[in-house]
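In: Following is a predicted model, sequence given first.
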Amino acid sequence: MKGIHWKAYERNKPLEQNIHYFLKWTVISLLIGSLVGVIGAVFGHAVSRVTALWTSHSWTVFLMPAAGLLIVFCYHMAHEENNRGTNMVLESISATEEITVATGPLIFLSTVLSHAVSASAGREGAALQLGGSIGNLMGRVMKLDEKDKKIAIMCGMSACFSALFGTPLTAGIFSMEVISIGVMYYAALVPCLFASFLGAAISGRLGLTADHFDPGVIPQFGISGAALAVLMGMLCACVGILMCMTLHKAGHLYQKYFPNPYIRVLVGSAIFIVLTLIFKSRYYNGSGMHLIERCFEGEAVPCYAFLMKIVFTAVALGAGFKGGEIVPALCVGAAFGSVISALTGMPVGLCSAMGMMALFVSVTNCPVSTIFMAFELFGFEAMPYYVIAIAVSFTLSGYYGLYSSQKFIYSKIRTEYINRKSN
């Protein structure tokens, strides 16, 4: 009866209902954005501090076994051994999965520990979990119903993503787009954007700088430029599929041969340390931001750098270290773009930027968010290059993705309802 009454109210008094929605979610999104912005800034500074630690003290990699054991122990003590991380957050919106209260503190601590020992992991997975956990908690405190609580979760995701990356437009759209490809949760548009911009503003005031890269010289767009963008999109779709398959396979192999999480994290630590000793450059340790910067500065990186970054990330995350896959994916894209630059003679900054965006869309399946990210990270000047590379990569990457709980509501190649999960 309550549902019927609400539908009748919407039909008979749409203006009042819209004003009520706007005022209600303006207040809620500002509350969530403020809290998440502060916590996101603290988290971002913590990750930056420990990243500076391992870059100046290379011996911290030998602390991986201890850090890994501590992470597993913390999840065990909190009875969160089966915590599915970002997949759990996505299913809390698309299904009935419940985000546990312990998710936020655990992902905060475990991600900082992972970065302290230079594990190849990002921070956006932590942002989505941390923000989603806070949004869910505030939804409970404010006694929101199940549908409104889902919007609150998306608000938290947007605010934390934006606070860490300084890309509010991307963050606001990404949390609505990543859950169900083909259908966006437009009811969350105002709340997510308000929370996202506020989160970015607060973290900026607290000293967290936004990410931005200068692609350098941009050649005039023409037939050759279009051909380069199409080629980049095609190749990055293949690299993105390879990355998704490698990460998923690594996780399955770890669990198959080392079902005990303590043994698993020790084995993964040993493999990671050996790989670090083999590749002494430390290009592939950490999130990968330092390697991205090298690409944009035109410094030579090995032609196999993008492959090794995939391997390092699979070894670390599969073993149980925490963080995320998106920054490593951006790193893989930048490194691959530098290879294409060397082969084609096109500017390395432009190729690295296209590689980052084409790789990002191939593993997240979020073309609208990726286009906005390109503009926020690199500016608008090379727009045709980015858009074409993103469109081609999205189309050709099929139904692979970083998140197994991500749903494809509609086909990528036909106007057809499919409702399937990613590979």
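Out: Looks like it arrived, so ask away.

In: by contact count, what packs against the strand or helix carrying residue 315?
Out: Following DSSP states H and E, one finds residue 315 within helix 305-319. Applying 3 or more C-beta pairs under 8 Å, 6 or more residues apart in numbering; DSSP states H and E, we find helix 305-319 packed against helix 223-257, helix 261-278, helix 326-344. C-betas here are computed from N, CA, C, even on glycine.

In: between these, which gets nearest to residue 217?
Out: Proximity to residue 217, assessed across the helices and strands packed on helix 305-319 by C-beta to C-beta, is greatest for helix 326-344 (11.6 Å).

In: And the next helix or strand past that closest one?
Out: Defined by DSSP H and E, the subsequent element after helix 326-344 is helix 348-364.

In: average pLDDT across the helix or strand encompassing residue 105?
Out: Residue 105 belongs to helix 103-116 when assigned by DSSP H and E. The pLDDT scores in helix 103-116 average 95.

In: I would like the residues contacting the helix holding residue 315, please.
Out: Helix 305-319 is contacted from outside by 68, 114, 119-121, 239, 242-243, 246-247, 249-251, 253-254, 264-265, 267-269, 271-272, 275, 279, 283-285, 288, 291, 302, 323, 325, 328, 331-333, 335-336, 338-339, using C-beta atoms under 8 Å, 6 or more residues apart in numbering.

In: Equivalent analysis for stretch 48-64, please.
Out: Applying C-beta under 8 Å, 6+ apart, the set of residues contacting stretch 48-64 from outside is 112, 115-119, 208, 269, 272-273, 276, 282, 285-287, 290, 321.

In: returning to that earlier point: could you dump the helix holding residue 105 to CSV, C-alpha only?
Out: C-alpha atoms of helix 103-116 as CSV (Å, rounded to 0.1, in the frame of the first residue of the first chain):
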residue,chain,number,x,y,z
THR,A,103,34.7,-2.8,5.6
GLY,A,104,35.8,0.9,5.9
PRO,A,105,38.4,0.6,8.7
LEU,A,106,39.8,-2.7,7.3
ILE,A,107,40.3,-1.4,3.7
PHE,A,108,41.9,1.8,5.1
LEU,A,109,44.4,0.0,7.2
SER,A,110,45.2,-2.8,4.7
THR,A,111,45.6,-0.5,1.8
VAL,A,112,48.1,1.7,3.7
LEU,A,113,50.0,-1.4,4.8
SER,A,114,50.1,-2.7,1.2
HIS,A,115,51.4,0.6,-0.1
ALA,A,116,54.0,0.8,2.7
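
In: Return the list of helices and strands in contact with it.
Out: If you count contacts as 3+ C-beta pairs under 8 Å, 6+ apart, helix 103-116 packs onto helix 14-56, helix 64-77, helix 124-141.

In: Can you name the next helix or strand after the last one?
Out: It stands for helix 124-141. helix 146-165.

In: and that next one with helix 124-141, angle?
Out: For helix 146-165 against helix 124-141, the angle by axes from the mean of the first three to the mean of the last three C-alpha atoms, to 10 degrees is 140 degrees.

In: chain center to helix 146-165: distance?
Out: When C-alpha coordinates are averaged (C-alpha atoms, centre = their mean, to the nearest Å), helix 146-165 and its chain have centres 13 Å apart.

In: Could you shift the numbering so residue one becomes 21, and keep it that way?
Out: Yes, from this point I'll number from 21; that puts the last item at helix 166-185.

In: Would you mind writing the CA trace of the helix or strand that comes right after it as CSV?
Out: Counting by DSSP H and E, the next helix or strand C-terminal to helix 166-185 is helix 188-197. Written as CSV, here are the backbone C-alpha positions of helix 188-197 (Å, rounded to 0.1, in the frame of the first residue of the first chain):
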residue,chain,number,x,y,z
PRO,A,188,34.8,15.2,-9.4
LEU,A,189,32.9,14.9,-12.7
THR,A,190,34.4,11.5,-13.4
ALA,A,191,33.8,10.3,-9.9
GLY,A,192,30.2,11.5,-9.9
ILE,A,193,29.3,9.6,-13.0
PHE,A,194,31.5,6.5,-12.4
SER,A,195,29.6,5.3,-9.4
MET,A,196,26.3,5.4,-11.3
GLU,A,197,27.8,3.8,-14.5
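
In: if I look at residue 226, how far off is residue 68?
Out: 12 Å (C-beta to C-beta, to the nearest Å).

In: oh, I was asking about residue 209
Out: Distance of residue 209 to residue 68, given as C-beta to C-beta: 31 Å.

In: What of residue 367?
Out: In this structure, residue 367 and residue 68 are 29 Å apart, going by C-beta to C-beta.

In: State whether residue 404 and residue 241 are indeed in contact, as I suppose.
Out: Yes. Using C-beta atoms under 8 Å, residue 404 is in contact with residue 241, at 4.5 Å.

In: gap between residue 236 and residue 151?
Out: Using C-beta to C-beta, residue 236 is found at 33 Å from residue 151.

In: same question, residue 74
Out: 25 Å.

In: How about residue 227?
Out: Computed as C-beta to C-beta, the residue 227 to residue 151 distance reads 19 Å.

In: So those two - more neighbours on which side?
Out: More neighbours surround residue 151 than the other of residue 227 and residue 151, with 37 against 10 (other C-beta atoms under 10 Å).

In: so what's that one up against?
Out: So residue 151 contacts 56, 60, 175, 176, 177, 178, 179, 180, 181 (C-beta under 8 Å, 6+ apart).

In: Okay then, goodbye and thanks.
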